[in-house]
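Engineer: Sharing a model that was predicted from the sequence below.
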Amino acid sequence: MEAPERAALRSVLTICPFCSCGCGLQLHGESSIQGVSPSLSHPVAGGRLCARGWAAHEATIWGPRVRTPLVRRKGVLEPAGWPEALAAAANSLRLLRDCGRHMGVLGSGRAMNEENFLAAALARSGLATGNVDAGLRSTWDALVEGLGRRDCTPDLTRTLDRLEASDTIVVIEGDLATTHPRIALSILHAVASGARLVTIGWAPTHLSQLAALHLPLQPWAPLAGIVSLQGALAAAWGGAAGRHAPRPSAAPPAEAAVTAASLARWRGESRLSAFIIGAFDRDPTLLRSAAAAVHALAGDLVHMGRPEPLILPLPIRANTRGSFELGVVPDLLPGQRPLADEEARARLRRLWGGEPCWTRGKQAEEFIGAVDGLVVLGDDIPAFHSSPADARRALEKTECLVVIDSFLTPTARHAHVVLPMAAFGEASGTFTNAAGRVQRVRAWGPPPAGVRPGWEILRGLLGALGSSYAPASLEQILEHIRAAVPAYGALDPAAIDQVGGSLLPASGDRGSTHPVAALGDTARAGTRNASHPVLRREGAFDWGDDPLVTGSPTLRRSPASRRRLNPRGLVAMSPQDATALGVRQGWLVRLKSSHGEAETAVQLQPGLEPGVLFVPYAFRDELAGVLGGSGVAEVEVART
Amino acid sequence: MEVADCRTIARGDLNAWVTRLLGRAEVIAPVRGQGGDEVFASIAAPEEVLWSFRNPLLPPKHLLLPQTDTLAEFRRVDGHYQVQEPPPPRPKILLNARSCDAVGLAFLAEMHAQDLTDAAVLRRAEALTVVSLACHQPCPLGFCVCCDAGPFLEHDFDLQLTDLGDRFHAEPGTPKGQALLDLAPDLFQVADAAAAEQRFALEQQALASFGKETCHFGAAMRRISTRRVAEDLWEKMSPWCLECGGCNHACPTCYCFSVADRTENGCTTRCRMWDSCQYAEFTLEASGHNPRPKRADRMKRRFYHKVSAQYFQRDGRVGCVGCGRCVQVCMGTTDMPAVVGAIRRGNWVSGRPA
């Protein structure tokens, strides 16, 4: 440990790498990164950070960093030089590609726009495949599609101020206070000023404590809850809404009556409303339908002469939205253009050279187990995959797995080649947040010797694979992005470097009304068998397994200890059910479904409806045998 | 401090003095950071120093307690463990700390000198010279006057500066502060009566300017210390806290920490790092038991520590300098003035004291 001669305390302004709120923060240190503080000038952060934000620097310091390239020799990953590692990766991938084998590229919401754009190029231009996707992309895509607006940027530039000014807020969530704390804060402020909050979700959450009305989604017919709300709101608010609203039928009548009565009371008083939709489930159909219901409701309100409601769909990660918009998606070209779009194709031919592959690829969880050559950028597959056991098996049998990451994740441990990428605070680029702010991510200092920025690694791979796409610099990649994606082309590049970045323009396209009639059909299906409890997997993602959390001593304590204390996972159960079964907090129960059975621990959750059990996303693997590959199953529950 | 010891320096001579300071030690001052944020940073030139500024959101406590603080390195060599301590801290001068922050640093140094003294912190405190800049007007969110931590100070500084307009008044508080004046005997004059009067007048004016943003510590301390706070008050408040930990991290007097080790290439580095008593895991034990499982319990504990008379009697200080940062950084509505307000009034309704 030496004290460098000129170690001086300094800060850089950058963006938090966790969720899609996109809070600005100051990263500081003397001879190395030491800590963070919130940016007061930042329009989103306004001087605040959540617990994750305050620990944003930790994984870079404490995580299991990869410090040299690694190549698998005789079954063991060993340090190698860059030329050897790049050659090993490129040679294997090229061989598989040229033999017509299946290839795939996984981008990431943890990676920056420039890295994701190159990942899309690597797939379509370097590996001649349409199998390009990001792990959580489908949770964002479904919301966007359901809202009928492909660009999904609110017209208002001051989204959070508008949220705080709302008098009625509807949140469809998976615990917003945990997934997007900055948004939850604006809701707290609104409620403190008298706003009415309606929370809709699987189980009571932090925000539902403050809600005027909490509507639980029914695990066996979740769409019914959403449809019921839409119908009730339409009935309460009247007007032309009846044209769009299907009549609620699958929901219990008593609940609908309560809802309608409450909402009717608010009808005359509500002027400014807001709808927040988080990714509360993995099922894209469910997400799309929830978003469609919100879209229809919003349309109803406008039709009735109310001001345009704020609609804020929330991508999960810092750059989930950016990765999607820049082409890390199997059925669209960068800029969310259809694969057959000739203008988009012409732009990409000019930028990437040659004739890229225009084929529609498979989705991430489909191709992960079905490709022979897989490149993974900045993500750990078992951490997000709906079935971690399947993911691990798939990785084991992948013939050539190349991982580009900062950390030796479980995915990287399966790799044939690991190429070390700069971590947070060590590289520059841009992120696109939930509201379409494209913001500058800055390096506090260079990456450690032997580690490279992600874009340089991807450029090297592209070159080694024979692609003619070879951007000279990070700035040039951003120029290419702006050329390839019209919405990004409309950004002011100078503004991107300012605090708050540059906001993507709204297209002004209201989008078409989603076929709501189809909603009604789905909602009626799946009537509940009252004799059997229903087990549902809750949520779409758990931060506890993400490398940014597992690499942080502060943040990993809670998920790590919960896992250690519950080696068989746990299910949330209502106190009434527990009493009826004769079990207490922490006791084991046996769950049996048509798919299989498992023993797991009980966690009492007051407020949960009897007959309903939830397994947190973090424990989906432990209960995979019971859930059988879907998110819901009818179970028999017995005391062990 | 004797009036005869006070000096004045012409505004136009400040940069020359700062140049002398730079020759003596690393100078850290508030500067304009990226995005327009004020931050404390090492300066290379006097022009970087801000003399009129919003107080940086991160207090300078990281000069005594870095957010990531390397305590030692261990290596195993020939079957023995070798321990290497960090090199001694370089001398540093903190220029233009606000009164609240000067008090915060003094508080931290005292806390770490109690019981088992913390050598790392005390070495840094010894190597640090604190030049405070008295505040002419309250910060929008500040309530230092309620905590005996401003707007002007009588102690807890090495050198206190007051902006008199065309010149600055300088009061040495310690030999360390005096030494900074002695670096530039040509630039400093003995303070005349007019300067002393003006400094006094500015202080009175500042004291009179505090409006509604006060925080009635006395009343809250009486209630907390005589068990007149309803248990369910904390339950009512807890949904309005999102457990970000910002109140602890941004607080000049908070110093809770956790420790972690990192081993690479046979070398283990042990670091202390900032932690927050508001996090559920702060008191989580290896067995899985948590003495403070509910957020209400953690909030109650924090405010008892800050406001209860027993600590005031033990330390001679209240655990708050009224800087107002917790109001700014709160990812909720449970900042110090709000909670103190709730303790005084006895209730909390819709996110506010009632």
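Structural biologist: In hand now; what should we look at?

Engineer: any low-confidence regions in chain B?
Structural biologist: Across chain B, residues meeting the criterion (pLDDT under 70) sit at B:1-4, B:212-214.

Engineer: how about the strands of it, start to end?
Structural biologist: Across chain B, reading from the start of the chain, the strands by DSSP state E fall at B:7-10, B:26-32, B:38-42, B:68-77, B:80-84, B:92-98, B:128-133, B:159-163, B:167-172, B:188-190, B:257-264, B:267-274, B:348-349, B:352-353.

Engineer: can you put these in TSV and add mean neighbour count and distance to chain A?
Structural biologist: Using the backbone N, CA and C atoms, a C-beta is placed for each residue, glycine as well. Compiled in TSV, the strands of chain B are given as follows (neighbours: other CB atoms under 10 Å in any protein chain shown; distance: least, CB to the nearest CB, whole Å):
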stretch	mean neighbour count	distance to chain A
strand B:7-10	20	25
strand B:26-32	22	6
strand B:38-42	22	4
strand B:68-77	15	5
strand B:80-84	10	6
strand B:92-98	25	9
strand B:128-133	25	12
strand B:159-163	23	20
strand B:167-172	23	24
strand B:188-190	15	27
strand B:257-264	14	4
strand B:267-274	19	7
strand B:348-349	18	10
strand B:352-353	18	6
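
Engineer: and of these, who's closest to residue A:15?
Structural biologist: Proximity of the strands of chain B to residue A:15 was assessed by CB to CB; the nearest stretch is strand B:38-42, lying at 16.4 Å.

Engineer: and that closest one, which strands flank it?
Structural biologist: Paired strands of strand B:38-42, with direction, are strand B:26-32 (antiparallel) (DSSP bridges).

Engineer: Name the residues that touch the partner strand?
Structural biologist: For strand B:26-32, the surrounding residues in contact (CB atoms under 8 Å, 6 or more residues apart in numbering or on different chains) are A:8-9, B:18, B:21, B:38-43, B:48-50, B:53, B:55-56, B:60, B:63, B:90-96.

Engineer: export it as CSV, just CAs?
Structural biologist: Written as CSV, here are the backbone C-alpha positions of strand B:26-32 (Å, rounded to 0.1, in the frame of the first residue of the first chain):
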residue,chain,number,x,y,z
GLU,B,26,-3.3,19.5,0.6
VAL,B,27,-6.1,22.0,0.5
ILE,B,28,-9.7,20.7,0.3
ALA,B,29,-12.5,23.2,-0.3
PRO,B,30,-15.9,23.4,-1.7
VAL,B,31,-15.7,23.6,-5.5
ARG,B,32,-18.1,23.6,-8.4
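
Engineer: Give me every residue in the stretch 251-354 of chain B lying close to chain A.
Structural biologist: B:258, B:260, B:262, B:273-276, B:279-281, B:284, B:288, B:328-333, B:350-352 (CB under 8 Å from any CB of the partner chain).

Engineer: Out of these, which end up buried?
Structural biologist: When neighbours are counted using 16 or more other CB atoms under 10 Å in any protein chain shown, these contain these buried positions: B:258, B:260, B:262, B:273-276, B:279-281, B:284, B:328-333, B:351-352.

Engineer: Alpha carbons of stretch B:171-178, as PDB, please.
Structural biologist: Included here for stretch B:171-178 are C-alpha records, laid out as PDB according to Å, rounded to 0.1, in the frame of the first residue of the first chain:
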ATOM      1  CA  GLU B 171     -10.200  34.300  14.400                       C
ATOM      2  CA  PRO B 172      -7.700  31.600  15.300                       C
ATOM      3  CA  GLY B 173      -9.100  29.000  17.600                       C
ATOM      4  CA  THR B 174      -6.100  26.800  18.100                       C
ATOM      5  CA  PRO B 175      -2.300  26.900  17.400                       C
ATOM      6  CA  LYS B 176      -3.000  25.000  14.200                       C
ATOM      7  CA  GLY B 177      -5.200  27.800  13.100                       C
ATOM      8  CA  GLN B 178      -2.700  30.400  14.200                       C
END
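
Engineer: Quick check: buried residues in it?
Structural biologist: The neighbour-count criterion (16+ other CB under 10 Å) identifies B:171, B:172, B:173, B:176, B:177 as the buried residues of stretch B:171-178.

Engineer: Looking at these, which is nearest residue B:152?
Structural biologist: Sorting the buried residues of stretch B:171-178 by distance to residue B:152 puts residue B:171 at the head of the list, at 9.5 Å, by CB to CB.

Engineer: so what's that closest one up against?
Structural biologist: B:1, B:5, B:6, B:157, B:159, B:160, B:161, B:162, B:177.

Engineer: who's it bridged to?
Structural biologist: Residues found in beta-bridge contact with residue B:171 (criterion: DSSP bridges) are residue B:160.

Engineer: in chain A, what residue is nearest chain B?
Structural biologist: Residue of chain A nearest chain B, by CB to the nearest CB: residue A:35 (2.6 Å).

Engineer: Excluding chain neighbours, give the residue nearest to that residue in space.
Structural biologist: The shortest distance from residue A:35 to any non-neighbouring residue, by CB to CB, 6 or more residues apart in numbering or on different chains, is to residue B:67 (2.6 Å).

Engineer: what's the answer for residue B:84, then?
Structural biologist: Spatially, and ignoring its direct neighbours in sequence, residue B:84 is nearest to residue B:73 (4.5 Å; CB to CB, 6+ apart).

Engineer: same deal with residue A:341?
Structural biologist: Spatial nearest neighbour of residue A:341, excluding adjacent residues (CB to CB, 6+ apart): residue A:333 at 6.2 Å.

Engineer: May I ask you to confirm that that neighbour is in contact with residue A:344?
Structural biologist: Yes - counting by CB atoms under 8 Å, residue A:344 is a contact partner of residue A:333 at 4.5 Å.

Engineer: Tell me which of those two has more neighbours.
Structural biologist: For residue A:333 versus residue A:344, the count of surrounding residues by other CB atoms under 10 Å in any protein chain shown is larger for residue A:333: 25 against 22.

Engineer: need the contact list for that one.
Structural biologist: By CB under 8 Å, 6+ apart, residue A:333 lies in contact with A:327, A:339, A:341, A:344, A:345, A:348, A:358.

Engineer: that older thread, now for the buried residues of stretch B:171-178, which pair is the farthest apart?
Structural biologist: By the measure CB to CB, the buried residues of stretch B:171-178 have their two most distant members at B:171 and B:176, which lie 13.2 Å apart.

Engineer: list the contacts for residue A:451?
Structural biologist: Contacts were defined as CB under 8 Å, 6+ apart; by that measure residue A:451 touches A:65, A:66, A:67, A:406, A:420, A:421, A:422, A:423, A:426.
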